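1. What shape does this take:
(4 chains)
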Number of protein chains: 2
Amino acid sequence: MKTAKPTEKELEILQVLWQQGPATVREINTVLNATKNIGYTTTLKVMQIMYDKGFLSRQKSGKTHVYKATITKEGTQQQLLDKLLDTAFGGSAMKLVMQALGNRKSSQKELDEIRDYLDRLEGGES
Amino acid sequence: MKTAKPTEKELEILQVLWQQGPATVREINTVLNATKNIGYTTTLKVMQIMYDKGFLSRQKSGKTHVYKATITKEGTQQQLLDKLLDTAFGGSAMKLVMQALGNRKSSQKELDEIRDYLDRLEGGES
DNA sequence: ATTGTATTACGAAAATATTCGTAGATAATA
DNA sequence: TATTATCTACGAATATTTTCGTAATACAAT
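-> Numbers count the residues shown, from 1 in each chain, chains lettered A, B, ... in the order given. Sure thing, here's the model as predicted:
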């Protein structure tokens, strides 16, 4: 069975969980409401669906559930990247990279880090 | 008015148009059918919707329409990149770049090109 | 125990995206 | 001109995603 891709809303929730660790529906909803306007039961429903899909696990604590992401940030990022590469960049990772670096200000430090990273990639995975 | 994001199917069609230039519904559908299985009227419908949205322009040639992408590949790529950065990479272009380069084999030549690109970025846009 | 408050479960409405059937228009050609 | 093949327009069915109302449940406070 192929792992399905999280939807937009699901990704927003995953973001919070990845960043803050396990959390309740209430906590997630509070974070989301800082920017958007989303009802409590909406957040609840989405998280229940994610639980059904296996994206989240949960544990009862008193009367509430504490949810935890079961899929990793890295794996999901890679999956989305692959998709984007495929659907918008014709499979060329390089083009994507250049576009990502080009149209936004990257600091000198960041550019250096990328260079180091390139060196490491090249230097044979010692 | 904020430019809406193309859907998955719309992106597939844009891909073909960006690569091959203006084309008829029939031509697009033929290309799509090389990999997927999609009915002619489905492709037609999607392209008509894209026309309504302003993603495509068209010109009558005989009894058929020749469609042309009105949104650029680069702009759309950037838009999707920004979205991905935001929803999955916490806004860090660098992390995205590293992830993109890491989990796939990039040729020596590609890596060199990226290095050159970095040099140019740094070298002050002379 | 009764009341009040927060949470969950359930179902379904609303919004969006995908799919295609059918009818009518257009042009080529027999 | 009649026939045929192809294309467009239109509407609608289906699927997916997002949204939330309502009722049941669990806990806390009175």
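
2. Now stretch A:79-96: average pLDDT?
-> The pLDDT scores in stretch A:79-96 average 84.

3. Quick one: list the elements packing against the lowest-mean-pLDDT helix or strand in chain A.
-> Counting by mean pLDDT, DSSP states H and E, chain A has its least confident helix or strand at helix A:108-122, which shows a mean of 79. Contact analysis of helix A:108-122 by 3 or more CB pairs under 8 Å, 6 or more residues apart in numbering or on different chains; DSSP states H and E lists helix B:93-102, helix B:108-122 as its packing neighbours. The C-beta positions use only the backbone N, C-alpha and C, and glycine is treated the same way.

4. Those residues of chain A touching chain B, which are they?
-> Taking CB under 8 Å from any CB of the partner chain as the measure of proximity, chain A contacts chain B at A:8, A:11-12, A:15, A:19, A:74, A:76-78, A:80-81, A:84-85, A:87-90, A:93-94, A:96-104, A:106, A:108, A:110-111, A:113-115, A:117-118, A:121-122.

5. make it 7 Å
-> Selection of chain A residues close to chain B by CB under 7 Å from any CB of the partner chain yields A:8, A:11-12, A:15, A:76-78, A:80-81, A:84, A:87-89, A:93-94, A:96-101, A:103-104, A:106, A:110-111, A:113-115, A:117-118, A:121-122.

6. tell me which element the closest residue in space to A:Thr70 that isn't next to it in sequence falls in.
-> Leaving aside its sequence neighbours, A:Thr70 sits nearest to A:Ser57 (CB to CB, 6 or more residues apart in numbering or on different chains; 5.1 Å). Per DSSP states H and E, A:Ser57 falls inside strand A:56-61.

7. so what strands line up beside that strand?
-> strand A:64-69 (antiparallel) (DSSP bridges).

8. what distance separates the following helix or strand past the strand it pairs with from the centre of its chain?
-> Later in the chain than strand A:64-69, the nearest helix or strand by DSSP H and E is helix A:73-88. Offset of helix A:73-88 from its chain centre (CA atoms, centre = their mean, to the nearest Å): 10 Å.

9. got the buried residues for helix A:73-88?
-> For helix A:73-88, the neighbour count (16 or more other CB atoms under 10 Å in any protein chain shown) marks A:Lys73, A:Thr76, A:Gln77, A:Gln78, A:Gln79, A:Leu80, A:Leu81, A:Leu84, A:Leu85, A:Thr87, A:Ala88 as buried.

10. Repeat that for stretch A:94-110.
-> Neighbour-count burial for stretch A:94-110 [16+ other CB under 10 Å]: A:Met94, A:Lys95, A:Leu96, A:Val97, A:Met98, A:Gln99, A:Ala100, A:Leu101, A:Ser106, A:Glu110.

11. Between all of those, which two are separated the most?
-> A:Lys95 and A:Glu110 (19.2 Å; CB to CB).

12. A:Arg45: neighbour count?
-> Quick fix: residue A:45 is Lys, not Arg. 13 (other CB atoms under 10 Å in any protein chain shown).

13. what do you get for A:Ala4?
-> For A:Ala4, using other CB under 10 Å, the count is 11.

14. how much space between the spatially closest residue to it that is not a sequence neighbour and A:Ala69?
-> Among residues not flanking A:Ala4 along the chain, A:Lys53 sits closest, at 6.5 Å (CB to CB, 6+ apart). Counting by CB to CB, to the nearest Å, the gap from A:Lys53 to A:Ala69 is 12 Å.

15. now swap in A:Ile13 and tell me
-> 9 Å.

16. care to break chain A down by domain?
-> What automatic domain parsing lists as the domains of chain A is A:8-69, A:73-122.

17. Do stretch A:11-25 and DNA strand D come into contact?
-> No. Shown here: stretch A:11-25 not in contact with DNA strand D (CB under 7 Å from any atom of the strand), separated by at least 8.3 Å.
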